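A.B. asks: the following block contains a protein sequence and its predicted model.
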Amino acid sequence: MCAPQVTATQALLALSVGSSVMEYQSAKTQQKAQYDQQKRQNKIAKDNAMQRYASEQLKIRQIEKQSSQKGFDATLKARKERAKFRATAGDAGVAMTGSTNALYADFYRTEGNYKASLARNMDINIAQFERNMEAIQFGQEAQSTYVQPPNPELLFASSVINVGNTYYGLQNQKANAGLMTDAQKKNYG
């Protein structure tokens, strides 16, 4: 028995299949690497946002504590000054008259203005904190990437189509050259 001869079409088809298998493996590896990179990028963006969130929250807590301490210190100072004023007025035997009452009320006004200023500043800091939190979220979204999982089924289908295209392209070349195609050989003989 003689060994069947391998035709040029069969050899080219075998090369096409081998090439498609290698391309499939390479593309599958590349898709997996890209998917892993996308997940790493999103984790980095999330971790960065979490660090920035924590930093902003610590900062606003420190500002709030500082403001509260300033308000407490102002209250203590105002009480001490009012007590000194009353003691001085009492020691001098001066009754609380209109002008002394106005001076005494000035301590309350000054304290109230200072505390109102602290409250306004705290409101401004809180509003800035909220804007910073929104900016951090936007930054995370900007740093994140669309995650596209590998799709080996689509790669396989694409490889099969490429092999089919190669085969039918070769058959078309045979027909254009006036040679019998594989289908014509089967029907002929």
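C.D. replies: That came through fine.

A.B. asks: where does the chain have low pLDDT?
C.D. replies: 1-6, 9, 89-98, 189 (pLDDT under 70).

A.B. asks: tell me which residue lies nearest the centroid of it.
C.D. replies: Gln140 (2.4 Å; Cα atoms, centre = their mean).

A.B. asks: distance of the nearest residue to Gln171 once chain neighbours are set aside from Ala74?
C.D. replies: Nearest non-adjacent residue to Gln171, counting by Cβ to Cβ, 6 or more residues apart in numbering: Thr181, 4.6 Å away. Using the backbone N, CA and C atoms, a C-beta is placed for each residue, glycine as well. With the distance defined as Cβ to Cβ, to the nearest Å, Thr181 ends up 98 Å from Ala74.

A.B. asks: distance from the top helix by length along the chain to the middle of the chain?
C.D. replies: Criterion DSSP state H: the longest helix present in the chain is helix 8-91. Centre-to-centre, helix 8-91 and its host chain are 8 Å apart (Cα atoms, centre = their mean, to the nearest Å).

A.B. asks: just checking, what packs against that helix?
C.D. replies: Here helix 8-91 touches helix 98-143, helix 152-176, going by 3 or more Cβ pairs under 8 Å, 6 or more residues apart in numbering; DSSP states H and E.

A.B. asks: alpha carbons only: can I get stretch 76-92 in CSV?
C.D. replies: Taking Å, rounded to 0.1, in the frame of the first residue of the first chain, the C-alpha atoms of stretch 76-92 are listed here in CSV:
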residue,chain,number,x,y,z
LEU,A,76,-14.3,79.7,80.4
LYS,A,77,-12.5,82.9,79.7
ALA,A,78,-15.8,84.8,79.4
ARG,A,79,-17.1,83.4,82.7
LYS,A,80,-13.8,84.3,84.4
GLU,A,81,-14.0,87.9,83.0
ARG,A,82,-17.7,88.3,84.0
ALA,A,83,-16.9,86.9,87.5
LYS,A,84,-14.0,89.4,87.9
PHE,A,85,-16.3,92.2,86.7
ARG,A,86,-19.0,91.3,89.1
ALA,A,87,-16.5,91.0,91.9
THR,A,88,-14.9,94.3,91.1
ALA,A,89,-18.2,96.0,90.9
GLY,A,90,-19.4,94.4,94.1
ASP,A,91,-16.2,95.3,96.0
ALA,A,92,-16.5,98.9,94.9
